[in-house]
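how would this look folded up:
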Amino acid sequence: MLKFLFILINLFIFTGCSLKPDIEYNDSIIPTEFKNSTNSNLEYSQPNWQDFVKNDKLKELIKLALENNRDLKIAILNIESARATYRIEKAKYFPSIDAKASNTNARDVTSNNNTEISRTYSAKFGASYELDLFGKTRSLNDSTLQSYLATKYAATSTKISLISEVINIWNTLSSNIEHLKLLQNSINNLKVASELTQKKFDMGIILIDDVFSSQTSLKETEVNLLNQLTTIEKNKNALELLVSTSIPHDLLPTGFQDSENSLMLIQAGLSSEVLFSRPDIIEAEYNLKAKNANIGVARAAFFPSITLTADYGLASTSLSSLFNGNAQTVWSFIPSINLPIFKGGENKANLDYANAQQKIALAQYEKTIQSAFKDVSDALIERANISKQLNAQEDLVNTAQKSYEVALNSYKYGLGTYLNVLVAQKTLFDTQRVLVDTKLNELINRVSLYTSLGGNEKID
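Model prediction:
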């Protein structure tokens, strides 16, 4: 009997049909090539973060973040949850088998008005299986599988975002420390100028206005320095939040010299097909496949569901003879069918909902690809001119430095005004700040290329 049952079950497992529709993709949602691509080699390989990051301090900091960051831990736990859900759905492919034992005692009245006590002992095992004639179980299993895979790539996106954020905040901290050094240098220059104006005033060469102007500029810069110290501490707090633990002092940057050569320059490939390795695009694709599988589940609800239940075991009137030759063989086989006669409206609504969700997922998938293409194109547009900007800004700093030196020397020998010194000093300071910011933007651009091209990270 059981042999026949399992043959029948296996027959239906391998002959069931699927009501899941095919997905119709739009092949023209993005151009085939990027604008401003600088790589003539069609073979493109995205580096992993260990190769992308060149600074040893920054590498150690990223390792700490990957070990401790709470968002990444939540993403990994979501993977485990999705994996467990997939195993639950996959188990529905197979019959559920259970074993049970029972003891039945009854006291009955006989025909001559006497009472009689009867006892029956039984030990059985049973199997129950729903035949997947219309692919409902397989569609459910496929949906949970695709959702699980989407969760894996969502966690990969979280990992790449975490790496990028740590790099950007570390480099921002470096630039702000460099700004602090510029302010300290500016204060030193203003102190020299202030002492010079005081001497000239004492000698009766200049009016008190120049003394007040020099002191005002000095105090204003000292206040800016205090504000800069606050900004640096906030950068450290933001970095500590990402790393989710206290950061050793020797892993913090000491200035922009730590950052300038901290990252490799990624050359983008010509073909936009490299985008299909981005984890957020792969995640969107798996979400689309999951929604598509749900259509198969909703369609299958219109058809009958058939369940086969079978019991097989032994029974006897005494416990001692249950497992010897005096026991009787007992079995039952109960096929049942469920016809969805009065659920037409509900099933139709569920199918319409599944179709709408699939269309939403398809639109989200296409939008994700288009957004990815924009990210890469924006990064390449900025990359096209950033080297020229750096060279021009460095030339501007050199010119401003010479102008300041001329204005200061002229003032020392009475050939110029203090106002010229202040203007030249402020121009020098501003050009130096812009140079630091431009260098920071160049590093952020490298990170943008790393993330927009999809990184090369995995989560098991």
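
Every contact and neighbour count from this point should use C-alpha atoms.
Noted.

Could you double-check that Lys57 sits in contact with Pro248?
No. Under the criterion of CA atoms under 8 Å, Lys57 makes no contact with Pro248, lying 10.1 Å away.

Of those two, give the one with the bigger neighbour count.
Set side by side, Lys57 and Pro248 give different neighbour counts by other CA atoms under 10 Å, the larger being at Lys57 (16 against 8).

name the element that one belongs to?
Secondary-structure assignment from DSSP states H and E places Lys57 in helix 56-68.

Asp98 now?
When secondary structure is defined using DSSP H and E, the element that contains Asp98 is strand 96-109.

what sits up against stretch 436-445?
168, 171-172, 175, 178-179, 260, 263, 379, 382-383, 386, 389-390 (CA atoms under 8 Å, 6 or more residues apart in numbering).

Stretch 56-67 too?
By CA under 8 Å, 6+ apart, stretch 56-67 touches 50, 53, 72, 159, 162-163, 166-167, 170, 242-245, 247, 250-253, 262.

Around the residue nearest to Thr221 when sequence neighbours are not counted, how many other residues sit close by?
Using CA to CA, 6 or more residues apart in numbering and skipping residues adjacent in sequence, the residue nearest Thr221 is Ile187, 6.4 Å away. Burial measure for Ile187: 19 neighbouring residues, criterion other CA under 10 Å.

between the host helix or strand of Ile187 and helix 56-68, what angle do the directions make?
With the criterion set as DSSP H and E, the secondary-structure element containing Ile187 is helix 136-202. For helix 136-202 against helix 56-68, the angle between stretch directions is 140 degrees (axes from the mean of the first three to the mean of the last three CA atoms, to 10 degrees).

which helices and strands sit right next to helix 136-202?
Applying 3 or more CA pairs under 8 Å, 6 or more residues apart in numbering; DSSP states H and E, one finds that helix 136-202 contacts helix 56-68, helix 70-91, helix 208-243, helix 279-300, helix 418-452.

what's near enough to touch Ile360?
Ile360 makes no contacts at all, as judged by CA under 8 Å, 6+ apart.

and it, that one's in a strand?
No. Assessed by DSSP: H, G, I helix; E, B strand; the rest coil, Ile360 does not belong to a strand; its assignment is helix.

Out of the contacts of stretch 436-445, which one has the weakest pLDDT?
In terms of pLDDT, the least confident member of the contacts of stretch 436-445 is Glu260, at 79.

Tell me which residues touch it, please.
When the contact criterion is CA under 8 Å, 6+ apart, the partners of Glu260 are Lys439, Leu443.

now it: how far from Glu394?
Glu260 sits 14 Å away from Glu394, going by CA to CA, to the nearest Å.

do Gln228 as well
Taking CA to CA as the measure, Gln228 and Glu394 are separated by 23 Å.

Could you do Ile208 as well?
Taking CA to CA as the measure, Ile208 and Glu394 are separated by 37 Å.

Comparing those two, which residue is more hemmed in?
In this comparison of Ile208 against Glu394, neighbours counted by other CA under 10 Å, the higher total goes to Glu394 at 17 against 14.

That one: what's it in contact with?
Leu435.

try Ser186
Contacts of Ser186 were listed using CA under 8 Å, 6+ apart, and they are Thr221, Gln425, Phe429.

since we're on Met203, how many residues are nearby?
For Met203, the neighbour count with other CA under 10 Å is 9.

Oh, that last question was meant for Lys388, not what I typed.
11.

One more: the one 4 residues further on?
By other CA under 10 Å, the residues close to Ala392 number 12.

can you tell me how far it sits from Leu435?
Looking at Ala392 against Leu435, where the rule is CA to CA, the gap reads 9 Å.

same check, this time on Ala290
Taken as CA to CA, the span from Ala290 to Leu435 is 49 Å.

again, but for Leu415
Taken as CA to CA, the span from Leu415 to Leu435 is 31 Å.

One more: Asn420?
Using CA to CA, which is the criterion applied here, Asn420 is 23 Å from Leu435.

what helix or strand does Pro205 sit in?
Heads up, residue 205 is Ile, not Pro. With DSSP H and E as the criterion, the answer for Ile205 is that it lies in no helix or strand.

Regarding it, what are the backbone dihedral angles?
Reported as degrees, to the nearest 10, the phi and psi values for Ile205 are phi -80, psi -30.

so who does it touch?
Ile205 neighbours (CA under 8 Å, 6+ apart): none.

Can you give me the pLDDT of it?
Note on Ile205: pLDDT of 72.

measure it to Gln425 for me?
In this structure, Ile205 lies at 22 Å from Gln425, with CA to CA as the measure.

and what of Asn409?
The span separating Asn409 from Gln425 equals 12 Å under the rule CA to CA.

Looking at the two, which is more packed in?
Of the pair Asn409 and Gln425, Gln425 is the one with more neighbours under other CA under 10 Å, namely 21 against 13.

Wait, that one touches Tyr404, no?
Yes. Gln425 sits in contact with Tyr404 when judged by CA under 8 Å, with a separation of 5.7 Å.

Buried residues, the helix holding Lys57. List them.
Buried positions in helix 56-68, judged by neighbour count with 16 or more other CA atoms under 10 Å: Lys57, Leu58, Lys59, Leu61, Ile62, Leu64, Ala65, Leu66, Asn68.

what does stretch 275-289 give?
In stretch 275-289, the ones that count as buried by 16+ other CA under 10 Å are 275, 278-289.

Glu116 in helix, strand or coil?
strand.

How many residues are close by it?
Glu116 is flanked by 10 other residues according to other CA under 10 Å.

repeat for Tyr353
Residue crowding around Tyr353 was assessed by other CA under 10 Å; the count is 15.
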